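J.: Quick one, fold the following:
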Amino acid sequence: MLKELIVQECDVLLNIFPPFCLRVFQRLEKLIVTDCASLEEVFQLQVQGLDVEETYVVESRLRELNLIRLPKLEHVWTKYCKGNISFSSLKQVCIEECWGLKTLFPFSIAKDLQQLETLTIQNCGLEEIVSKNVEGSNEQEIWFAFNQLSILNLWDLPYLTCFYPGMHRTTWPALTKLIISECGRIKIFGHEESQIEHSLFLIDKVIPNCRRFYLAHVILR
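T.: Numbers count the residues shown, from 1 in each chain. So this is what the prediction gives:
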């Protein structure tokens, strides 16, 4: 019945949830992990060649995820997740000072984030927000729908080059607050007719809905 878990200054931990533990913590709604010097992965879904996802079907109730000052974090979830583990209840995600993290969401996790309302990523080594889909990856265009996301904060991500490394479209109909600063490698706005695959937003789809913008040291076009 545990709903909130805080892990702080546990410098020996390599992961928070080893294989076969996801079902045990299926009712968990809030997870905060801070200042764990050796942590490499939060949700470990593969170990010694065994794919835990092959036998486990899990629907997590996790609503809030905060990961702060984890210098060796490489993956939040195992890099290549299949579709039978879902985190579709996530509403708030905050990642800060995780310079070893190169990608945040595996494709299978990102495509189900219909309830996500707030996404904050600050002071991280992120290169892409969603990793490449490796299952049946033909180069057809992929859609990501963030229908509830109202606040997006990207701050000091000097290596971020794209949202998703391939042809894709994103929808952000609820976005009202957009803060992007010190993200010098990513193209922020594109036009639908330009078909530029690595722009973060289509300008005509985002501008009409947003009430607050803050953009600094970014590539606008």
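J.: From the contact counts, what lies against the longest strand along the chain?
T.: Secondary structure assigned by DSSP state E gives strand 177-187 as the longest strand of the chain. Applying 3 or more Cβ pairs under 8 Å, 6 or more residues apart in numbering; DSSP states H and E, we find strand 177-187 packed against strand 151-155, strand 212-219. Where C-beta positions appear, they are placed from N, C-alpha and C, glycine not excepted.
J.: how far does it sit from the chain's center?
T.: How far strand 177-187 lies from its chain's middle: 16 Å, per Cα atoms, centre = their mean, to the nearest Å.
J.: mind listing what's buried in it?
T.: Neighbour-count burial for strand 177-187, counted by 16 or more other Cβ atoms under 10 Å, picks out Leu178, Ile179, Ile180, Ser181, Cys183, Ile186, Lys187.
J.: Quickly name whichever of those is closest to Lys111.
T.: Lys111 lies nearest to Ile186 out of the buried residues of strand 177-187, by Cβ to Cβ, at 20.6 Å.
J.: Look up the closest residue to the closest one, ignoring the ones flanking it.
T.: Take Ile186 and drop its neighbours on the chain: the residue closest to it by Cβ to Cβ, 6 or more residues apart in numbering is Leu160, 4.9 Å away.
J.: Kindly report the same for His168.
T.: Using Cβ to Cβ, 6+ apart, the closest residue to His168 is Ile142 (4.4 Å).
J.: Give the residue spans of the protein that score low on pLDDT.
T.: Across the chain, residues meeting the criterion (pLDDT under 70) sit at 46-57, 79-83, 135-140, 188-210, 213, 215-221.
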